[in-house]
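J.: Sequence and predicted structure are below.
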Amino acid sequence: MNEKAGNVFRRTIFFENPVIIQILGICSTLAVTNKLLNTLIMCIGLTLTTALSSLSVSLMRKAIPRKVRMIVEVFVIAFYVIIFDLFLKAYLPEISVALGPYVGLIITNCIVMGRTEAYALANSPTISFLDGLGSGLGYSLILLIVATIREILGFGSLFGFRIFGENFVNWTIMVMPASAFFVLAVILWIFKAMMIKKR
Amino acid sequence: MVKQPLMRRVIFSLLPILAFAILNFGWKVLLNVLVSNAVCFTTEWIFEKYKKKKPTESIFVTGTILGLILPPSIPLWVVVVAGFFGTFFAKEVFGGFGRNVFNPAMVGRAFVFVSFPSFMTANWNLGVFPNGWRFWLSPQLMSGATPLRAAKLEMPVMVQDYFKIFWGDIPGSAGETAKWLIIIAAVYLILTKTASFRIIISTLVGAFLTAGFFQIFGISSLGTIQNLISGGLLFAAVFMATDPVSAPRNESAKWLYGLLIGSLTIILRTFSAFVESAMFSVLIANMFAPLLDLLTQKKVVAK
């Protein structure tokens, strides 16, 4: 049941987008999207973790006993997340502090677990890797949109550079996680409407 | 335009309050109200057009109330944000008139209150009734405090004058200062069976009991009567709590709903950093309205 690579990307980024269609990974969508730079690092972390753990689980899929498969998956995911976390602590300590516990919480992110459990266990390594990569990119796409809107309104800046003059008034609510609910809801609405038209 | 005589009566009752606010703070108040009405109406019109329906007259109630519960000095673009957000997120996404869980005007105000606290809490204008017609916007208050905030900061000088608070030539949000006009409006709305007297009375009773309790035990620095006539409590009780859409339907649930709003207002006012707590208590009570309906439902026995 191997599908084509292009189809994998279309499916994971758009038609089965983890955030807006499967509504997974909402906690990090709310928590880390107030600044674009933090969001970008978080997205890279999640995309790499999802892609690599899908690849690893897929490589081992015939060796994993059915009864302990979830434990093995969590081990694999935790391995990559810890590497990424240590990397951030060593080279980007400021962002590591800003992201707080959310890097470690990638382990429990439903997207990573979901892809390995639902896809990598039943598919060949290459296609599983692409599936994980696509899911991570689909997640990143939505998070980056949310973060762009929130950083522009909440801080008047993009990647930390001010894009408005001194007269710009920061929208305090956009700095708070609750605002992601509004922004995400609108994005979800727009994407769903687009998809209904496409079909 | 869908005609709603009930909503039209609410607008009528708001007009004297608007007139007083103009005489008190200057013509800027009128502009605020017009802009918020225009924004709310446009938002509703676009959505109703999309759904191939007509906008309702209730949107002008939302617009007028929203214009009246903002501080007179508020920048116009904040009014636009409040109007759009309130109508869009509190009304249209739920399906338009009759389906909203929360009071749209309150949601709009709460959103800008949290977003732009500096505009909403720092700049207050002096009440100069009846000379406001000579001003575009009455002079700013130097210390930047409404009576309630003054009480919070323990500056009791301003709060002592009960008559002044009742008459309304004090700093505050545009429409909530003239308590006597709000009471007249309440009587009109009750006599024409527009607003539920149960909600208005139970809100005030709830506030009275809670404030009295706090005064007896010395928890609040404000007196009971002061608490009742200060801030937006009266305005919220008469115009916001009685919104027929977001209030509970059962008559007995309305009593509980009012009590909840009244006591929450005083509790939040005493213990939280927000002095204008009537807004949050109406929103919280809105959330409980369906639950209160369920609680007071009469059991139907099948025969």
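T.: Thanks, I have the structure now.

J.: in the stretch 1-150 of chain B, which spans are helices?
T.: Ranges of helices in the stretch 1-150 of chain B, per DSSP state H, counting those that start in this stretch, are B:5-25, B:28-50, B:58-68, B:76-90, B:104-115, B:117-121, B:147-152.

J.: Report the contact partners of the closest residue to A:Phe84 other than its chain neighbours.
T.: The spatial neighbour of A:Phe84 that comes closest, neighbours along the chain excluded (Cβ to Cβ, 6 or more residues apart in numbering or on different chains), is A:Gly45 at 4.8 Å. Where you see a C-beta, it was placed from the backbone N, CA and C, and this is true even at glycine. Counting by Cβ atoms under 8 Å, 6 or more residues apart in numbering or on different chains, A:Gly45 makes contact with A:81, A:84, A:88, A:103, A:106.

J.: Can I get the residues you listed in CSV including distance to B:Glu44, pLDDT and secondary structure?
T.: Shown next, in CSV, are the contacts of A:Gly45 (distance: Cβ to Cβ, whole Å; pLDDT from 0 to 100; DSSP: H, G, I helix; E, B strand; the rest coil):
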residue, distance to B:Glu44, pLDDT, secondary structure
A:Val81, 47, 93, helix
A:Phe84, 48, 93, helix
A:Leu88, 47, 92, helix
A:Val103, 44, 86, coil
A:Ile106, 43, 87, helix
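
J.: and which of those residues is nearest chain B?
T.: A:Val103 (28.5 Å; Cβ to the nearest Cβ).

J.: Hmm, that closest one is touching A:Asp85, no?
T.: Yes - between A:Val103 and A:Asp85 there is a contact under Cβ atoms under 8 Å: 4.9 Å.

J.: shared neighbours of these two, anything?
T.: With Cβ under 8 Å, 6+ apart, A:Val103 and A:Asp85 have common neighbours A:Ser96.

J.: Neighbour count: these two, which is higher?
T.: The neighbour comparison of A:Val103 against A:Asp85 (other Cβ atoms under 10 Å in any protein chain shown) goes to A:Val103, with 25 against 19.

J.: Excluding chain neighbours, what is closest to the spatially most central residue of chain A?
T.: Computing the C-alpha centroid of chain A and ranking residues by Cα atoms, centre = their mean puts A:Tyr139 first, at 3.9 Å. Distances taken as Cβ to Cβ, 6+ apart place A:Pro18 nearest to A:Tyr139, at 5.1 Å, with adjacent residues excluded.

J.: separation between the one you found and B:Phe116?
T.: A:Pro18 is 34 Å from B:Phe116, where distance means Cβ to Cβ, to the nearest Å.

J.: More neighbours: the two, which one.
T.: A:Pro18 (27 against 22).

J.: Tell me who's in contact with that one.
T.: By Cβ under 8 Å, 6+ apart, the neighbours of A:Pro18 are A:12, A:24-25, A:111, A:114, A:135, A:138-139.

J.: The strand or helix carrying B:Ile261: how far from the chain's middle?
T.: Here B:Ile261, judged by DSSP states H and E, is contained in helix B:251-271. Here helix B:251-271 is found 14 Å from its chain centre; the criterion is Cα atoms, centre = their mean, to the nearest Å.

J.: And that helix, what does it pack against?
T.: Secondary-structure packing of helix B:251-271 (3 or more Cβ pairs under 8 Å, 6 or more residues apart in numbering or on different chains; DSSP states H and E): helix B:197-216, helix B:278-295.
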